[in-house]
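Peer 1: What shape does this take:
(one chain, ligands or ions: 1)
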Amino acid sequence: MASPEPMLEWTEDLSVGVDSIDEDHQAFFRVEPMLEEILASSDSARSMLIESVLNILEEYVEGHFLREQQALAAIDFPGLAVHIKAHDKFAEKVRAIIKDYRQGNLAVVESLGPLISDWITNHIKTMDRQYLGLLTNENVDKRPLVCLLDDPEDDLEF
Ligand code: FEA
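Peer 2: As a prediction, this is how the structure comes out:
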């Protein structure tokens, strides 16, 4: 039997040089192991714990992407349109899985782990590196995700 894939870990070399974004990414790296642990358990609170992870993911795909996109737009980042497209595609997949799960297809939640791993490899470790040196602590909104989402001024069109 094939051994399971090792968990992906955030390491200093993945830093994009912006504290708030690095903290978002570090939190995101913790989602998959957390979810796997919950799925492997027979905890009576399992469904409540899964729901908490789904809430975290929902907030993340709204708030983190908004944080990056606003900052990239402010510096006229040349790859912005492609970057937004990638965010939108991932967010759409996450939302579809969550919706399906909440409609009763409980097994679909198992597809989140591989999706997250793939995103870490193909986006955080690659595409997000493209703005290294362009974004700084000074030109990125450092508020917690939940505050970014609550701010009506953040309803920007990209
Ligand atoms: Fe371009 Fe950052 O997005 N990372 N995530 N997730």
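Peer 1: Okay, and residue 39 sits in which element?
Peer 2: helix 19-40 (DSSP states H and E).
Peer 1: which element follows that helix toward the C-terminus?
Peer 2: helix 46-74.
Peer 1: helices and strands around that following helix, which ones?
Peer 2: Applying 3 or more CB pairs under 8 Å, 6 or more residues apart in numbering; DSSP states H and E, we find helix 46-74 packed against helix 19-40, helix 80-102, helix 145-150. C-betas here are computed from N, CA, C, even on glycine.
Peer 1: and these as TSV, adding mean pLDDT?
Peer 2: Output for the helices and strands packed on helix 46-74, formatted as TSV (pLDDT from 0 to 100):
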stretch	mean pLDDT
helix 19-40	97
helix 80-102	98
helix 145-150	88
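Peer 1: Columns distance to the ligand on top of these, output as TSV?
Peer 2: Output for these, formatted as TSV (distance: least, CB to the nearest ligand atom, whole Å):
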stretch	distance to the ligand
helix 19-40	5
helix 80-102	6
helix 145-150	12
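Peer 1: Tell me which of the ones you listed lies nearest to residue 66.
Peer 2: helix 145-150 (5.4 Å; CB to CB).
Peer 1: I figured residue 33 hits residue 7, correct?
Peer 2: Yes: Residue 33 lies in contact with residue 7 (CB atoms under 8 Å); the separation is 5.2 Å.
Peer 1: Can you tell me, leaving aside adjacent residues, what's nearest to residue 129?
Peer 2: Closest residue to residue 129 apart from its sequence neighbours, by CB to CB, 6 or more residues apart in numbering: residue 16 at 7.1 Å.
Peer 1: burial of that neighbour, as a residue count?
Peer 2: Counted with other CB atoms under 10 Å, residues neighbouring residue 16 total 21.
Peer 1: can you check residue 30 too?
Peer 2: For residue 30, the count of nearby residues is 13 (other CB under 10 Å).
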